[in-house]
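In: predicted structure and sequence below. I'll ask about it afterward.
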Amino acid sequence: MSMIYKIENLKKDPAALMLNETLFHNANGYIGIRSNYEEGYEPGINSIRGSYINGFYDFAEMKQAEKLYGLIEEKQTMVNVADTQGIQLYLGDEKFSMFHGEVLESRRILNMEAGYTERYIHWRSPEGREAEITIRRLTSFVRPSLFLIDYSVKALNFEGPLTFVSTHRGDVENYSDPNDPRLAAETFQHIIPEKAELDGTVSYVTSGTSKSALLVCTAVDHAVSKGKILTVLEGHGASCRIDSAIGKGETLTLHKYSIFCDSIRNADCRQTAAAELKNVRAVDVETLYREQRDYLADYWEQALLEIDGDDELECAVQYNLYQLIQSVGKDKHSNIAAKGLSGEGYEGHFFWDTEMYIQPFFTLTNPDITRTLISYRYATLHEARKNARLLGHGQGALYPWRTIMGRECSGYFPSGSAQYHINGDIAWSVVLYYLASGDLDFIAQKGGEIIFECARLWMDAGNYYQGKFHINDVTGPDEYTCLVNNNYYTNVSAQFNLSWAVKFYELLGKAGVLKTLAIKTGLSADEVAEFSRAAQNMYLPYDEKLGINPQDDSFLAKKRWDLEHTPRDKFPLLLHYHPLYLYRHQVCKQADTVLAHFIFEDAQSYETIKKSFLYYEQVTTHDSSLSSCIFSIVASKLGFHDKAYQYFGDSAKLDLFNTHGNTKDGIHTANMGGAYMAIVYGFGGLRLKETGLYFAPHLPKPWKAYRFKVHYQGSQILVEVKNSGLVFTLISGSEKTIHVYGKVCQLRDTLEAPLGC
Ligand code: BGC
């Protein structure tokens, strides 16, 4: 298995450059650096040059044309914190640039086993000097504040002076695009350099945010294999000149160390930056590479996913999983942004994407990360309570639709704050973690309080009407249909949330760990009985004639959008049609009822799920990247194997092939988790239920085999699906009962079963 993603003959057009800035970005869950050329581009070529810290934000004004009560007037935005990428190389007096002289050979690689990116260029200068330039970059998983550039130059046909000029800049800005609602509309100076200092060769830049009163310190130092280093303060930063000489056939190496520290995690970020830099400088670069490789060896050991018979797809899937470990925050101050740490799309906000699309992957492969993600929601529960009050609810908590530090950031409430299903999503993800781990202690400490507070919200948001519990004026996952009554997805997830609040109340009670939580939250048996009543009487729309679950009370009464005759250049529809025009039609941006049928499959009959799938397929544009993967999973369940494979392909290659045309703004992390689910939940038929762990695999026709590993209640299981049959192997932990095509089996050592029976 080669875990290398590679492109050759680098293109110089702005679109390719910006796309590759994203695709080859380096991140480790704490920092993310876009892959801009160290030496820059030609003047006039647009670039999104950025370095970001997970969870680090500034406040920005949210302009509301009409000041209606409760509309938010301030949002958080992820900040481009500093630029430590710059390195100019001079061969004699000729400055290296991909835009001058001749690029004889060039490539970029991402090595997913070793955890670095590399740019290789065989360059001939205008005066004929030929050099091989190899630039590796690494953001360390083991030392999260570290970004390393390992720059080497080999002189092929010349000798003489060689100079590097390396920069450290504090005067940076965020990217904006007034014409794309998925980006910040205007630029603003969020980061204000406060102090630049020198300590020998080390430069420090400390900057503050404009409104959120946060600090970030970057420390930069260099080491060169031969030459003299001189660092001077310059502008709002520093410039370091390294004078050297190179012989013919010789290779010179420059190591640039950048440390990023912020005041959310560190009491004195300047001091921590100095200490962390010192620790890094105490070890050699080989150690940094080794640590990185060891970390990833462990990661791939947990997250193993192999496909025999389609190298391209296997590489795409592994690329996606690599991006997930690059993107996921590993402390309670951070989460996973919709674009990870790769770009500024959606301003670094965290959405339901985490719980519904990405967390399921970590729950099965790395439950510690799931606990941290839930801990982030727990740490922001107080903000969710305030949000609920702002929206008029006297009780419970309502999580924000999009956020960084816990407060709502969506300016357009019909497809933002109105997506109350986020509460159900978070509740679902907590339950999934519990089912996968059996970790009731965590529920007692954190998960339970989230579930109870979210359940309380539903009791206040909904009401009884003709004996049934209704939830009115909400928006489901499909953002082309807003502010509706009884969105099926929302109601079924609220039902799940309420009924699990009841179950946890009982389970915690039985385990004798309920008391503290009940006192803290004021939860009583009477209130829990009300949860139970609402869950049992939840209204779930069903249309007798069509045999489907309508997306909401009004969906079927609307005019159907003629997707077949809509010109290709009118997609995504959200960029070409007024929201109201979209809302009046039967047209879906993404999976909504179909998603509900995947995660709550036992709520409906097979026939209803099938008819609904076929119905919604006709009216769904998949304009959201969160859609195809879900259609793939449900197509797998229904036995539409070719369709499942096609939807999966659309999902798996979305970023590498830039099929949505906006990967320049960042990767689509939810889709990446979704592509994983399309294999494991879709082709593998995995489900985690109260009654146990289920598999119902099929093998896509073009593949010879695939295999993946999952954690289940303290054990690790390897699942192999081959033409010759299924093999389940217990890798570690105690024996487990599993369900294979509905049949109860005991997994002791290995278990074999025929395919598809
Ligand atoms: C989707 C949302 C998603 C958001 C961030 C939107 O286009 O409709 O469901 O949460 O993107 O990924």
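Out: Nice, thanks for sending it over.
In: max-length strand in this protein?
Out: Using DSSP state E, we find that the single longest strand of the chain is strand 251-262.
In: buried sites along that one?
Out: Within strand 251-262, the residues that count as buried by 16 or more other C-beta atoms under 10 Å are 252, 254-262. (C-beta placed from N, C-alpha, C; glycine too.)
In: list the contacts of stretch 504-524.
Out: Residues outside stretch 504-524 that contact it (C-beta atoms under 8 Å, 6 or more residues apart in numbering) are 440-441, 443-444, 447-449, 451-453, 525, 528.
In: likewise for stretch 567-582?
Out: Against stretch 567-582 from outside (C-beta under 8 Å, 6+ apart): 180-181, 414-415, 479-482, 566, 587, 589, 621, 623, 660.
In: again, only using 6 Å
Out: Residues outside stretch 567-582 that contact it (C-beta atoms under 6 Å, 6 or more residues apart in numbering): 480, 623.
In: circling back to that earlier point, pLDDT and distance to the ligand added to the buried residues of strand 251-262, as CSV?
Out: As requested, the buried residues of strand 251-262 are exported to CSV (pLDDT from 0 to 100; distance: C-beta to the nearest ligand atom, whole Å):
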residue, pLDDT, distance to the ligand
252, 98, 44
254, 98, 38
255, 98, 37
256, 98, 33
257, 98, 34
258, 98, 29
259, 98, 31
260, 98, 25
261, 98, 29
262, 98, 24
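In: and the gap between the spatially most central residue of the chain and residue 408?
Out: With distances taken as C-alpha atoms, centre = their mean, the residue of the chain nearest its centroid is residue 669 (3.4 Å). Remark: distance between residue 669 and residue 408 (C-beta to C-beta, to the nearest Å) = 20 Å.
In: so for residue 756, what's the pLDDT?
Out: What the model reports as pLDDT for residue 756 is 87.
In: and for residue 526, the neighbour number?
Out: The tally of other residues near residue 526 (other C-beta atoms under 10 Å) stands at 7.
In: just the pLDDT at it, thanks.
Out: Reading off the model, residue 526 has pLDDT 98.
In: same question for residue 109.
Out: Note on residue 109: pLDDT of 98.
In: contacting residues for it?
Out: Counted by C-beta under 6 Å, 6+ apart, residue 109 has contacts 4, 6, 118.
In: repeat that for residue 425.
Out: For residue 425, the contacting residues are 352, 355-356, by C-beta under 6 Å, 6+ apart.
In: name the helix or strand for it, please.
Out: According to DSSP states H and E, residue 425 maps onto helix 421-437.
In: export that helix to PDB, keeping only CA atoms.
Out: Only the C-alpha atoms of helix 421-437 are listed here, as PDB (Å, rounded to 0.1, in the frame of the first residue of the first chain):
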ATOM      1  CA  HIS A 421     -31.700  19.400  14.700                       C
ATOM      2  CA  ILE A 422     -28.100  20.200  15.800                       C
ATOM      3  CA  ASN A 423     -29.300  19.300  19.300                       C
ATOM      4  CA  GLY A 424     -30.500  15.900  18.100                       C
ATOM      5  CA  ASP A 425     -27.300  15.400  16.200                       C
ATOM      6  CA  ILE A 426     -25.100  16.100  19.200                       C
ATOM      7  CA  ALA A 427     -27.300  13.800  21.300                       C
ATOM      8  CA  TRP A 428     -27.100  11.000  18.600                       C
ATOM      9  CA  SER A 429     -23.300  11.300  18.600                       C
ATOM     10  CA  VAL A 430     -23.100  11.000  22.400                       C
ATOM     11  CA  VAL A 431     -25.400   7.900  22.300                       C
ATOM     12  CA  LEU A 432     -23.300   6.400  19.500                       C
ATOM     13  CA  TYR A 433     -20.100   6.900  21.600                       C
ATOM     14  CA  TYR A 434     -21.900   5.200  24.500                       C
ATOM     15  CA  LEU A 435     -23.000   2.200  22.400                       C
ATOM     16  CA  ALA A 436     -19.500   1.800  21.000                       C
ATOM     17  CA  SER A 437     -17.700   2.100  24.300                       C
END
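In: wait, does it contact the ligand?
Out: No - residues of helix 421-437 are not located near the ligand by C-beta under 6 Å from any ligand atom, the shortest gap being 9.2 Å.
In: show me how far that helix is from its chain's centre.
Out: 17 Å (C-alpha atoms, centre = their mean, to the nearest Å).
In: pLDDT of it, averaged?
Out: According to the model, helix 421-437 has a mean pLDDT of 98.
In: farthest-separated two in the buried residues of strand 251-262?
Out: Longest distance between any two of the buried residues of strand 251-262 is 33.6 Å, between 252 and 262; criterion C-beta to C-beta.
In: sheet partners, orientation included, of the longest strand of the chain?
Out: Note on strand 251-262: by DSSP bridges, its sheet partners are strand 146-155 (antiparallel), strand 215-224 (antiparallel).
In: what's the following helix or strand past that strand packed up against?
Out: Going down the chain from strand 251-262, the next helix or strand is helix 269-281, by DSSP H and E. For helix 269-281, the packing partners by 3 or more C-beta pairs under 6 Å, 6 or more residues apart in numbering; DSSP states H and E come out as strand 215-224, strand 251-262.
In: contacts for the following helix or strand past helix 269-281, please.
Out: Using DSSP H and E, the next helix or strand after helix 269-281 towards the C-terminus is helix 285-303. Residues from elsewhere that reach helix 285-303 (C-beta under 6 Å, 6+ apart): 113-115, 138, 141-142, 255, 321, 325, 365-366.
In: among those residues, which one lies nearest to residue 596?
Out: residue 365 (24.7 Å).
In: give the contact list for the closest one.
Out: Counting by C-beta under 6 Å, 6+ apart, residue 365 makes contact with 302-303.
In: helix, strand, or coil at residue 205?
Out: strand (DSSP: H, G, I helix; E, B strand; the rest coil).
In: which strand residues bridge it?
Out: Per DSSP bridges, the residues bridged to residue 205 are residue 196, residue 218.
In: any idea how many residues pack against it?
Out: Residue 205 has 29 nearby residues by other C-beta under 10 Å.
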